[in-house]
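A.B. asks: predicted structure and sequence below. I'll ask about it afterward.
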Amino acid sequence: MRKTLSWLVFLAVWPLGVMAEESAENEPDIEIRYGKKETTYEYRVNGELVEIKVVPKVGPVYYLVPAADGSFERSETSRILVPSWKLLEW
């Protein structure tokens, strides 16, 4: 009975570990740089710079995102999609 229960628990938990490993591959690497006037967050996916978040000491947050010509353009919203799920609601 205990052996069967152990296998059932293992089989129920095992996919969660596999999913965590797969999602970790797609998460961006974030490099934070602190400056006198602003803090920047560089987001890289597979080594490619995909977005820069700029948090100035004074003023609103803005993003630098890649443009078609290879340069970066300013944006007020992030283009990185962060998955979110509703787990409980009451």
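C.D. replies: Happy to help now that I have it. Residues are numbered from 1 along each chain as shown.
A.B. asks: residue 41 pairs with what?
C.D. replies: Note on residue 41: beta-bridge partners residue 32, residue 53, judged by DSSP bridges.
A.B. asks: is it correct that it is in contact with residue 30?
C.D. replies: Yes: counting by C-beta atoms under 8 Å, residue 41 does reach residue 30; the two are 5.6 Å apart. Yep, even glycine has a C-beta here, placed from its N, CA and C like the rest.
A.B. asks: all helices of this protein, in order?
C.D. replies: For the chain, applying DSSP state H gives helices covering 2-26.
A.B. asks: more crowded one of residue 41 and residue 30?
C.D. replies: Shown here are residue 41 and residue 30; by other C-beta atoms under 10 Å, residue 41 has more neighbours (16 against 11).
A.B. asks: any idea how far that one is from residue 86?
C.D. replies: 26 Å (C-beta to C-beta, to the nearest Å).
A.B. asks: how about residue 35?
C.D. replies: 37 Å.
A.B. asks: more neighbours: those two, which one.
C.D. replies: For residue 35 and residue 86, the more surrounded residue by other C-beta under 10 Å is residue 35, and the numbers stand at 11 against 5.
A.B. asks: for the more buried one, give its distance to residue 70.
C.D. replies: Shown here: residue 35 relative to residue 70, a distance of 24 Å by C-beta to C-beta.
A.B. asks: can you check residue 37 too?
C.D. replies: 26 Å.
A.B. asks: show me which of the two is the more surrounded one.
C.D. replies: residue 37 (9 against 6).
A.B. asks: how about the nearest residue to that one, chain neighbours excluded?
C.D. replies: residue 57 (5.7 Å; C-beta to C-beta, 6 or more residues apart in numbering).
A.B. asks: didn't the one you found look like it was pressed against residue 34?
C.D. replies: No: judged on C-beta under 8 Å, residue 57 makes no contact with residue 34 at a distance of 10.6 Å.
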